[in-house]
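below is the structure, and that's it, no one-letter string:
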């Protein structure tokens, strides 16, 4: 029976390092789970046993991709953010040398997978890869994020001392996330509205991204209205579901996203979404959320619209959001990934 299956080696080194609980690690873990259940795939434990080798991550400035002249190799490139904002992602001399090496290694792969049409365009533009080699495979939210009971929501609210009325952001503090404008947004919203930011990097540290946040908190005089949550474990999906669910809305203010997975996570648990109409976000949001310019006033206007929803309107939007998130699932991710493998 196994002889009829395609033998795939998925590089899972990322699951034992610092990325294990971050986006790349979550993608790799969920892809591994989905492929392990696929009827056409047998995951093998060494590259030597494989028909297909898949590297589920790509770093521009570190040597993460081997040269593969004799094996059919697939690599996933989630985005090209460091190349779009070079002033904010400076690799140094060694990083520049590794980038040259990584681009050479890319020439030996048979297929490049990416998360969105937006990223596919950027990969072609910045890395000079043929359209024929690039395959778009949209992601999906973690299936273990789902709406919680009212009793569980109360417990989560008490545990984390959540504000009564809050907009939510989940993620990192990188430049492309546009967080100073997210903080400034509060200036244009009623004072009862707070902002909750979930992510392990929301703590004082000697980097420009944190200094920008501190400066904006002072300039906008909204420090008392912002709650940073660094103590939520990335795999605590029940609590994360409840934090999403109790937000008045989820806000994705990014200048650029390769996909923007928290948008789907919010929709999946039933939270209205405001997102920038930039890069991949219109693809992910579709008609199920509000798309605005990535400036403070426009973000605030989007949140204000949701605040003004009647209970009936809010339930309609929540239903639409859940239906939209349901269009993305890991069975589809696995099927489309296998389709890429078979094309080789």
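Here it is on my side, so go on. All figures in this text were calculated on a predicted structure; none of them were measured in a lab.

tell me how far residue 55 lies from residue 146.
Going from residue 55 to residue 146 by C-beta to C-beta, to the nearest Å gives 31 Å. Heads up, the C-betas are built off the backbone N, CA and C, glycines and all.

of the two, which one has the most company?
The residue with more neighbours, out of residue 55 and residue 146, is residue 55; 23 against 15, by other C-beta atoms under 10 Å.

give me the number of residues near residue 149?
9.

what of the one 3 residues further on?
Residue 152 has 15 neighbouring residues, counting by other C-beta under 10 Å.

kindly confirm my reading that it is in a helix.
Yes - assessed by DSSP: H, G, I helix; E, B strand; the rest coil, residue 152 belongs to a helix.

that one: what's it in contact with?
By C-beta atoms under 8 Å, 6 or more residues apart in numbering, the residues touching residue 152 are 238, 242.

do you know how far it is from residue 204?
32 Å.

what do you get for residue 297?
Distance, residue 297 to residue 204, using C-beta to C-beta: 28 Å.

tell me which of these two has more neighbours.
residue 297 (14 against 10).

report pLDDT for that one.
At residue 297, the predicted lDDT confidence score is 98.

wasn't it part of a helix?
Yes - with three-state DSSP as the criterion, residue 297 is assigned to a helix.

surely it is in contact with residue 188?
Yes - here residue 297 lies in contact with residue 188, judged by C-beta atoms under 8 Å, at a distance of 5.6 Å.

can you give the contact residues for the lowest-mean-pLDDT helix or strand in the chain?
Lowest on mean pLDDT, DSSP states H and E among the helices and strands of the chain sits helix 23-36, with a mean of 91. For helix 23-36, contacts defined as C-beta under 8 Å, 6+ apart pick out 8, 10, 12, 14-15, 17, 19-20, 41, 43, 56-57, 76, 78, 139-140, 142, 234, 261, 330-331, 333-334, 337-338.

now, which of those lie within strands?
Among those, the ones falling in strands (DSSP state E) are 8, 10, 41, 43, 76.

give me the neighbour count for residue 44.
18.

mind listing what it touches?
Contacts for residue 44 (C-beta under 8 Å, 6+ apart) come out as 7, 8, 9, 50.

which of those residues has the most neighbours?
Counting neighbours by other C-beta under 10 Å, residue 8 leads those with 25 neighbours.

verify the contact between that residue and residue 55 for me.
No - using C-beta under 8 Å, residue 8 is not in contact with residue 55; the gap is 11.6 Å.
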